[in-house]
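Engineer: Have a look at this prediction, sequence included:
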Amino acid sequence: MCQINLESASTIDIVRELERRGLITDSRSNGVILNNLNENSNLKFILSWGIPTDQYECRECREMLDAENFNYYQSRVDQKGYLWRRNALCRKCDTKSNKERKDVLDIADVPDEPNKGDECPRCKRNWNGRWHRHHEGDQFIEWLCLHCNTHLSDQRNKLV
């Protein structure tokens with residue numbers, strides 16, 4: 001195993017060694033950065049403990065599952081220093097949900113996505129992010145901004 005001398009190592013050498021040891025997350029953005037490193041790179045790091053060791057309840061199947069059964073952001077960290085869960089769906093339910101959504105939208109008549117800066121039909125804000133398809137059953141309803149789409153599909157209130 002090759003050891004590097006920290007006193008004489010460049011920032012790039014240290015980053016490459018951390019990557020070689022598997023200590024840098026596999027985020028796509030990290031890949032872009034690592035492929036474009038140069039001596040003038042001004043890097044900042046996010047430290048984390050990785051995936052938490054707790055169990056969580058899946059919002060869909062309601063099973064208590066180990067943390068590794070969920071997906072995590074590779075560049076976001078919670079207040080305890082662990083990677084932040086992407087959503088409250090276990091991988092199995094997430095895969096099922098994505099397939100159902102894709103199947104519904106494949107048969108629905110979906111108009112072209114609005115442009116950035118267009119007005120959200122629900123909240124009337126100009127939206128510069130990614131538009132979201134709001135549907136119910138196999139019917140497309142409308143394109144919404146993230147805020148409205150999240151509000152209308154809030155799964156935390158599903159059983160209420």
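Structural biologist: Done, it's in.

Engineer: the domain parsing of this structure - what is it?
Structural biologist: Domains of the chain are assigned by automatic domain parsing as 1-45, 48-91, 108-154.

Engineer: I'd like the distance from the last one to the chain centre, please.
Structural biologist: In this view, domain 108-154 has its centroid 19 Å away from the chain centroid, taken as Cα atoms, centre = their mean, to the nearest Å.

Engineer: Please apply the same query to the second one.
Structural biologist: When distances are taken as Cα atoms, centre = their mean, domain 48-91 is centred 11 Å away from the chain's centroid.

Engineer: now it: mean pLDDT?
Structural biologist: The average pLDDT within domain 48-91 is 92.

Engineer: Show the end-to-end separation of that domain, please.
Structural biologist: 22 Å (Cα to Cα, to the nearest Å).

Engineer: Can you list the buried residues in stretch 124-137?
Structural biologist: Neighbour counts over stretch 124-137 (16 or more other Cβ atoms under 10 Å) mark 127, 131, 132, 133, 134, 135 as buried. In this view, the C-beta of every residue, glycine as well, is placed from N, C-alpha and C.

Engineer: so can I have TSV of those residues showing distance to residue 103, pLDDT and secondary structure?
Structural biologist: Shown next, in TSV, are these (distance: Cβ to Cβ, whole Å; pLDDT from 0 to 100; DSSP: H, G, I helix; E, B strand; the rest coil):
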residue	distance to residue 103	pLDDT	secondary structure
127	27	85	coil
131	20	74	coil
132	17	76	strand
133	13	73	strand
134	16	72	strand
135	11	68	strand
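
Engineer: Export those to a markdown table and append columns for distance to residue 34.
Structural biologist: Converted to a markdown table, the buried residues of stretch 124-137 look like this (distance: Cβ to Cβ, whole Å):
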| residue | distance to residue 34 |
| --- | --- |
| 127 | 32 |
| 131 | 31 |
| 132 | 31 |
| 133 | 33 |
| 134 | 37 |
| 135 | 38 |
